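Participant: below is the structure, and that's it, no one-letter string:
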Ligand SMILES: Nc1ncnc2c1ncn2[C@@H]1O[C@H](COP(=O)(O)OP(=O)(O)OP(=O)(O)O)[C@@H](O)[C@H]1O
């Protein structure tokens, strides 16, 4: 099991900084609540003691104070609950946003290799678990400390020997969660991990329901879910059993201490050192002082079990940025832009995927980037979207001379997103209407701009088939659209913000040849000043580009027009021949080239 870093809970305390006044009011309400209870039971016990020993009914003033204390206690309990939950829920809402910001800042570096259910567990479950810490632990601890100190002083005034039973019990109570802190943290860690596993399994299963059905593996998946559920149940039970046992031990300790006080007070009363009516009051005072300490010990114990949740939240909140924001951002040069990768070296933590890539796309030019699967084409797109920064070299936007190129690292996030649009292989749609999905990157786009882009990308014909046109809800992840329709929507979304650099990463792979050709024609008519980088495998798509660059072994190994490269018979020819052989072993190796040698449609 990965060790839990120390100080995880402490590190989440600064979130309370913005709510100092509420924290103070919560602590005050908790203090009044606990103090009223101690005063109530002590006065009640003294009143009963007086009535029994002196055969005197309680004075009306005493009864009034008792009633007042009951009301005060009820009011303080309600106020404390109300304030502490209000505080906790506000803090949790803020933490959720910070977790989301952390994930967004480090995405996709952080998301890569982590399951989305696991991330959802952090963003929701782990944050939710901290409610107890913020709502109950902090005010409880502070108030019980004060109440115990005052009660102990009162007990000492009645007879210092009474403290001999109470102080050791209080020390033992507070010490008890500390001696078992590591075990508690580990049990909490097991529960949080089991919960994250179950969440991941559930999210994956719901996401891949169609595939599970088609492959007939639903039963195996159900078994995995059941086993993850059982693992969580075992972990929760282990935590619960321990808490129940620890609670019983704490109760025993309190009872033993109270019995000690009763014995000492009875002895003192019979020896005449203590007024008889104060003997039951001393017992009530001891109980009133120790009960909140016992509750605080329980809260400390439970908080210890939350260390794993706090550590996961802290890690998400403080996740390092995959591409840190520019400290002194430069403006994007006006006018047409090209793009340039200069000596780019990059790897995902392991071996270099790109090892000195030099690539230039001029304003108004369409460049196709090709290479075998895994060559690093999408990685180039990721660097252009600035999900990551290159380890060496630079990725730049290049305006026509005499303006100077600008490194993406020097741009403000919003300027970069406005200038460069990367439309990926997988462009998930969000729950909402088609128009809302199109406006994702350009919420202020006018209806005319929306219609124009929809026409270019053929989304207008998609909308015509839908009951409410562009205002039709497309369902989560665009479940109601075909792959090709989703690709058109994704492209329209990328174009709507009017990017000056457009990167299409296999965007049209889902379209048939005709759709691909139509889209390319529409894009070409609109791309005079735009630099376009098209990542594609299909020869016909590649052939339409002004120039082609072949990526192999982490470098650009060949660059030129289609005719030049085909004539040269080098890497591009070999790549397509190999892909053709692999995808259709019985067709002639150059069939793909022959298919695409026909004039582009
Ligand atoms: N997030 C990631 N974390 C770690 N390794 C990655 C990540 N993304 C890609 N890789 C690795 O980097 C290499 C290049 O991947 P990339 O997706 O850039 O290739 P590609 O040329 O676009 O392939 P394809 O044509 O199949 O889409 C591959 O070996 C891949 O496994």
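Facilitator: All right, it came through fine. Every value quoted in this text rests on a predicted model; they were computed, and no experiment measured them.
Participant: quick check: pLDDT value at the residue lying closest to residue 231 once chain neighbours are set aside.
Facilitator: Nearest residue to residue 231 in three dimensions, chain neighbours excluded: residue 194, at 4.7 Å (C-beta to C-beta, 6 or more residues apart in numbering). (C-beta placed from N, C-alpha, C; glycine too.) We have a pLDDT of 90 for residue 194.
Participant: who does the one helix or strand residue 194 maps to touch, helix- and strand-wise?
Facilitator: Assigned by DSSP states H and E, residue 194 belongs to helix 181-207. The contact analysis (3 or more C-beta pairs under 8 Å, 6 or more residues apart in numbering; DSSP states H and E) places helix 181-207 against helix 116-120, helix 218-270, helix 278-305, helix 307-317.
Participant: just the buried residues of stretch 254-274, please?
Facilitator: Neighbour-count burial for stretch 254-274 flags 254, 257, 258, 260, 261, 262, 264, 265, 266, 268, 269, 274 (criterion: 16 or more other C-beta atoms under 10 Å).
Participant: need the residues of this structure near the ligand, please.
Facilitator: 112, 348, 353, 371, 373, 374, 375, 376, 377, 378, 379 (C-beta under 6 Å from any ligand atom).
Participant: among those residues, which ones are in strands?
Facilitator: Among these, the residues falling in strands (DSSP state E) are 353, 371.
Participant: quick one: buried ones out of the residues of the chain next to the ligand?
Facilitator: 353, 371, 375, 376, 377, 378, 379.
Participant: pLDDT and distance to residue 132 added to those residues, as CSV?
Facilitator: Output for those, formatted as CSV (pLDDT from 0 to 100; distance: C-beta to C-beta, whole Å):
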residue, pLDDT, distance to residue 132
353, 93, 45
371, 93, 53
375, 92, 51
376, 93, 47
377, 94, 49
378, 91, 43
379, 93, 44
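Participant: can you redo the residues you listed as CSV with distance to residue 234?
Facilitator: CSV is the format used below for those (distance: C-beta to C-beta, whole Å):
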residue, distance to residue 234
353, 42
371, 49
375, 46
376, 44
377, 46
378, 41
379, 42
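Participant: now, which of those residues lie within helices?
Facilitator: Assigned to helices by DSSP state H, the following of those qualify: 377, 378, 379.
Participant: where does this structure dip in pLDDT?
Facilitator: Of all residues in the chain, those with pLDDT under 70 make up the ranges 1-6, 107-123, 425-427, 475-480, 582-601.
Participant: and the buried residues of stretch 254-274, which is closest to residue 319?
Facilitator: residue 254 (43.6 Å; C-beta to C-beta).
Participant: from residue 165, how far off is the closest residue to that closest one other than its chain neighbours?
Facilitator: Among residues not flanking residue 254 along the chain, residue 290 sits closest, at 4.7 Å (C-beta to C-beta, 6+ apart). Note on residue 290: its distance to residue 165, by C-beta to C-beta, to the nearest Å, is 10 Å.
Participant: where do the contact lists of the two overlap?
Facilitator: Common neighbours of residue 290 and residue 165, counting by C-beta atoms under 8 Å, 6 or more residues apart in numbering, are 257, 258.
Participant: those two: which has the busier surroundings?
Facilitator: residue 290 (26 against 22; other C-beta atoms under 10 Å).
Participant: do I have it right that that one meets residue 166?
Facilitator: Yes - between residue 290 and residue 166 there is a contact at 6.5 Å, judged by C-beta atoms under 8 Å.
Participant: what touches both of those two?
Facilitator: Joint contacts of residue 290 and residue 166 (C-beta under 8 Å, 6+ apart) are residue 257.
Participant: okay, buried residues for the helix or strand containing residue 357 please.
Facilitator: In the assignment (DSSP H and E), residue 357 maps to strand 352-361. Neighbour-count burial for strand 352-361 flags 353, 354, 355, 356, 357, 359, 360, 361 (criterion: 16+ other C-beta under 10 Å).
Participant: surely the third one is in contact with residue 555?
Facilitator: Read it as residue 355. Yes - under the criterion of C-beta under 8 Å, residue 355 makes contact with residue 555 at 6.0 Å.
Participant: hmm, back to that, would you list the buried residues of strand 352-361 in TSV and tack on distance to residue 453?
Facilitator: Formatted as TSV, the buried residues of strand 352-361 follow (distance: C-beta to C-beta, whole Å):
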residue	distance to residue 453
353	33
354	32
355	37
356	37
357	31
359	27
360	27
361	22
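Participant: ok, so of those, who is nearest the ligand?
Facilitator: For these, the residue nearest the ligand by C-beta to the nearest ligand atom is residue 353; the value is 4.4 Å.
Participant: for residue 346, see how far away the residue nearest to that closest one when sequence neighbours are not counted is.
Facilitator: Spatially, and ignoring its direct neighbours in sequence, residue 353 is nearest to residue 376 (4.4 Å; C-beta to C-beta, 6+ apart). With the distance defined as C-beta to C-beta, residue 376 ends up 8 Å from residue 346.
Participant: shared neighbours of the two, which are they?
Facilitator: In contact with both residue 376 and residue 346: 353, 354, using C-beta under 8 Å, 6+ apart.
Participant: can you pull out the helices in the stretch 1-150 of the chain?
Facilitator: Applying DSSP state H, counting those that start in this stretch to the stretch 1-150 of the chain gives helices spanning 8-11, 20-54, 60-106, 116-120, 127-129, 131-132, 138-158.
Participant: need the winner for burial among those.
Facilitator: Each of those was scored by mean neighbour count; the highest is helix 127-129, a mean of 21, by mean count of other C-beta atoms under 10 Å.
Participant: who's in contact with it?
Facilitator: Residues from elsewhere that reach helix 127-129 (C-beta under 8 Å, 6+ apart): 92, 95, 96, 99, 192, 306, 309, 313.
Participant: residues in contact with residue 335?
Facilitator: 363, 399, 400, 403, 529.
Participant: which residue does the stretch 201-350 of the chain bring closest to the ligand?
Facilitator: residue 348 (3.2 Å).
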